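Q: Here is a sequence together with a model predicted from it:
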Amino acid sequence: ETGVTQTPRHLVMGMTNKKSLKCEQHLGHNAMYWYKQSAKKPLELMFVYNFKEQTENNSVPSRFSPECPNSSHLFLHLHTLQPEDSALYLCASSQQALVGLANTGELFFGEGSRLTVL
Amino acid sequence: KNEVEQSPQNLTAQEGEFITINCSYSVGISALHWLQQHPGGGIVSLFMLSSGKKKHGRLIATINIQEKHSSLHITASHPRDSAVYICAVRLMYTDKLIFGTGTRLQVFP
C-alpha cells in the first residue's frame, strides 16, 4: 500500500466512449503525475500538477484531458481514444519543497489502470 | 539513442548471487530514481539519489555525477527480488522524469 489509489484497475472501452481514470493520494503531497506505460516502451510522462496547477504537458493529444480539483485528487478524462492508446496508466505523487522550484521529492505510485481500447 | 540507458535488459540469477544493474544518462539531472515494478504493474520507489550512496536492507544504490552513471546492487538475491528495475532521472530545473526501459530480473531458487 503506497498511499496512492487508482480506479478503476481495469477498463475496456470503445473508441466512441467517454470514461475517466481517478487517482487519490492520502500522503499530503502537493504534486501529482500521470504516466503512460505501453508494452515494451519506457514510462512516459503525460502531465504534472503542482499545487493544483498544471506544470507539464508532454505533448499529449487532446483526447486525454487531465483535471486536478485539489491536491489529493487527479483525474484523466478519456474520449474518442484509439486502440494504440491501450496501455497501463500510472498515477504518482510527491512532495514539492517550495513553490516555483523543481520537484525533488520521492515518487509514490499507484497500482495503475490498465486500459484497453477496442 | 535514449537519454537513459540501462544494462543489462534481462538478467537471470541463482538465489544468493550478488546482482548489479547499471544506468547511464546523458543529460543534466537533479536526482536519479530507482524503481521496482512487479508483474501486474505496481511501481515502488526504491531510492532517490543526488550524490553518493544509499543502502536499504539488501539493496545498495550508488551514483557518480561526473560520470553520469548509477548502479543498483542486490546482495544475497532472493526469488522475491524478481521484478523489473527501472532507472529514472529528473531533468534539472524541471518536473520532468525520463525513464530507462528497465531491467527484467529473474532470481531462481
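A: Nice, thanks for sending it over.
Q: Quick check: residue A:43 touching residue A:58?
A: No - with contact defined as Cβ atoms under 8 Å, residue A:43 does not reach residue A:58; the gap is 11.2 Å. For glycine as for every other residue, the C-beta is placed from the backbone atoms N, C-alpha and C.
Q: Looking at those two, which has the bigger crowd around it?
A: With neighbours defined as other Cβ atoms under 10 Å in any protein chain shown, residue A:43 and residue A:58 compare such that residue A:43 has more, 24 against 13.
Q: what's the closest non-adjacent residue to that one?
A: residue B:99 (4.2 Å; Cβ to Cβ, 6 or more residues apart in numbering or on different chains).
Q: Tell me how many other residues surround that neighbour.
A: Using other Cβ under 10 Å, residue B:99 has 22 neighbouring residues.
Q: In contact with it: list those residues for me.
A: Contact partners of residue B:99, counting by Cβ atoms under 8 Å, 6 or more residues apart in numbering or on different chains, are A:42, A:43, A:44, B:4, B:86, B:87, B:88.
Q: ok, which residues in chain B are in contact with chain A?
A: With the criterion set to Cβ under 8 Å from any Cβ of the partner chain, chain B comes near chain A through B:2, B:4, B:30-31, B:33, B:35, B:40-45, B:48, B:50, B:86, B:88, B:90, B:92-102.
Q: can we see that at 7 Å?
A: Proximity of chain B to chain A, by Cβ under 7 Å from any Cβ of the partner chain, involves residues B:30-31, B:33, B:41-45, B:48, B:86, B:90, B:93-97, B:99-101.
Q: Show me which of those residues are buried.
A: B:30-31, B:33, B:41-43, B:45, B:48, B:86, B:90, B:95-97, B:99-101 (16 or more other Cβ atoms under 10 Å in any protein chain shown).
Q: Show me the two of those that sit farthest apart.
A: Greatest spacing in these, by Cβ to Cβ: B:30 and B:41 (26.7 Å).
Q: and the helix or strand bottoming out on mean pLDDT in chain B, which strands flank it?
A: Among the helices and strands of chain B, strand B:97-99 carries the lowest confidence by mean pLDDT, DSSP states H and E, at a mean of 89. Sheet partners assigned to strand B:97-99 using DSSP bridges are listed as strand B:83-91 (antiparallel).
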